[in-house]
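Student: I'll drop the sequence and a predicted model, then ask my questions.
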Amino acid sequence: HRLYLYVAAAGTLVAGGIGLARLLDGLLSAAYDAALPGEVLYTGAVWTRGLQESLGAAVTGLGLWALHWRAGAKGDRGSTLRDVYVTLAAAAAAITGMAAAGVILQALLRLPLGSLGEPASARIGDLTGWAGLWLAISLPWLYYAPLLLRPGRAIEPSYAGPWTAWAYRYAAMAAGLASLGAAAVFGIATLVGLTVPADDIVLKGPGEVRDAVAAMLATAVLGAVVWGGMSLRLRRGPATPDRDQVERLYLFGITGVGLLAAVGGAATALYIFLNDALNSKLGGGTADTARWALAIALSGGVIAYLHARSVRGGFRGAIAETLPTRRKRVVLIAPAGSEVLRAALESALGREVEWRVDFSAGAGPAESPDVIGSIQLAVERIEAATGR
């Protein structure tokens, strides 16, 4: 029943949000055409069939969302599925809004850098769709984010678990870090394209450089605001077991993604260089082809290294701690007749113990207080041991 409610609520919210974004896009486009009539060759009626369909999709989707969320899932206290849904809904809305804001900011930053044969008003007119998406996605974010960050200001009572707020904060910080990583990739690729001498393409005119600079500035500004703001809040936050678990998952995830980017980018760049070398085409064009792969490899490697160093107790120690204790191999070397000792050890450990009979010893030990104490000491040392 809960699974149906939350899946249906998520699907109808997405459908209603798409309809609302299309509706706002049409209204903003009509407002733009009315404000700048000289830029438009033909202006039709505002209330078009497309706007009517968008309004119908928005009303239907949001109405079904309210039916499942506000009526069906109302008062669902203590549900892990609810916590997952609220966290994902707030994080997805924030990331989508961040992406739309990045596109808008890039286009606005592109204007001071100059344009090639395209008026500024035309570039602004192309942003109505992204502006509509940003406005539409702001509504679910303003609804769900307070349930995690500021329950006192939420529209409804917040039943979120203690780990959900930390999960949202670290997810937002990951999105900001991804934006900073994209800015680093744009910057490194552009710098390589500008500095490597070549007789062939490398950078296709000033327009490509301006687009790359605008993209780098937009992603850097967004990343710095989101990642920096969340980092400051997390530094001031209290240390709790739920936060430690989410933080370790975040550090492991970012380190893994960074390593994948580093290895994939390095392998791609190596393939490009070797391919051009074997075909006697090694030159400036090779750097132009491989610069994005090199930028991804360098940015991913730096991100992975910095986050691996941030793991408490070291990355290797953290990996050893997360390995299941059941995978530890325990071997008992004892004389014949030690069935009682082996059974007691297996009961205390909760796993099977191998037994190698020592024929050079005498009879096996009996079950006594001294033997039980030795077993408890052995169990403590086995559990404290790292690795397998």
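Tutor: In hand now; what should we look at? Residues are numbered from 1 along each chain as shown.

Student: in the stretch 51-200 of the chain, which spans are helices?
Tutor: 80-110, 120-125, 128-149, 164-195 (DSSP state H, counting those that start in this stretch).

Student: turn those helices into CSV, columns for mean pLDDT.
Tutor: CSV is the format used below for the helices of the stretch 51-200 of the chain (pLDDT from 0 to 100):
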stretch, mean pLDDT
helix 80-110, 89
helix 120-125, 62
helix 128-149, 90
helix 164-195, 90
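
Student: can I get the ones you listed in JSON lines with mean neighbour count and distance to residue 248?
Tutor: Heads up, the C-betas are built off the backbone N, CA and C, glycines and all. Shown next, in JSON lines, are the helices of the stretch 51-200 of the chain (neighbours: other CB atoms under 10 Å; distance: least, CB to CB, whole Å):
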{"stretch": "helix 80-110", "mean neighbour count": "20", "distance to residue 248": "17"}
{"stretch": "helix 120-125", "mean neighbour count": "14", "distance to residue 248": "44"}
{"stretch": "helix 128-149", "mean neighbour count": "20", "distance to residue 248": "20"}
{"stretch": "helix 164-195", "mean neighbour count": "21", "distance to residue 248": "10"}
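
Student: got TSV for those, with distance to residue 372 too?
Tutor: Below are the helices of the stretch 51-200 of the chain laid out as TSV (distance: least, CB to CB, whole Å):
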stretch	distance to residue 372
helix 80-110	39
helix 120-125	79
helix 128-149	49
helix 164-195	42
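
Student: and of those helices, who's closest to residue 49?
Tutor: With CB to CB as the criterion, residue 49 lies closest to helix 128-149 of these, at 17.5 Å.

Student: give me the contacts around the closest one.
Tutor: 13, 17-18, 20-29, 32, 86-87, 89-90, 93-94, 96-97, 100-101, 103-104, 153-156, 158, 160, 164-165, 168-169 (CB atoms under 8 Å, 6 or more residues apart in numbering).

Student: hey, C-alpha coordinates of it in CSV?
Tutor: Extracted in CSV, the C-alpha atoms of helix 128-149 (Å, rounded to 0.1, in the frame of the first residue of the first chain):
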residue,chain,number,x,y,z
THR,A,128,11.8,31.1,-21.4
GLY,A,129,11.7,27.3,-21.3
TRP,A,130,14.4,27.0,-18.7
ALA,A,131,12.9,29.9,-16.7
GLY,A,132,9.5,28.1,-16.7
LEU,A,133,11.2,24.8,-15.6
TRP,A,134,13.0,26.6,-12.8
LEU,A,135,9.8,28.3,-11.5
ALA,A,136,7.9,25.0,-11.7
ILE,A,137,10.5,23.0,-9.9
SER,A,138,10.8,25.6,-7.2
LEU,A,139,7.3,24.7,-5.9
PRO,A,140,8.0,21.1,-4.9
TRP,A,141,11.3,22.1,-3.5
LEU,A,142,9.7,24.8,-1.3
TYR,A,143,7.2,22.2,-0.2
TYR,A,144,9.5,19.3,0.6
ALA,A,145,12.8,20.9,1.7
PRO,A,146,11.3,22.4,4.9
LEU,A,147,10.2,18.9,6.0
LEU,A,148,13.9,18.1,6.2
LEU,A,149,15.7,21.3,7.0
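
Student: so where do the strands sit in the stretch 251-388 of the chain?
Tutor: Remark: strands assigned in the stretch 251-388 of the chain by DSSP state E, counting those that start in this stretch are 331-334, 354-357.

Student: out of those strands, which is closest to residue 71?
Tutor: For residue 71, the closest of the strands of the stretch 251-388 of the chain is strand 354-357, at 58.3 Å, according to CB to CB.

Student: any buried residues in that closest one, and which?
Tutor: By 16 or more other CB atoms under 10 Å, the buried positions in strand 354-357 come out as residue 355.
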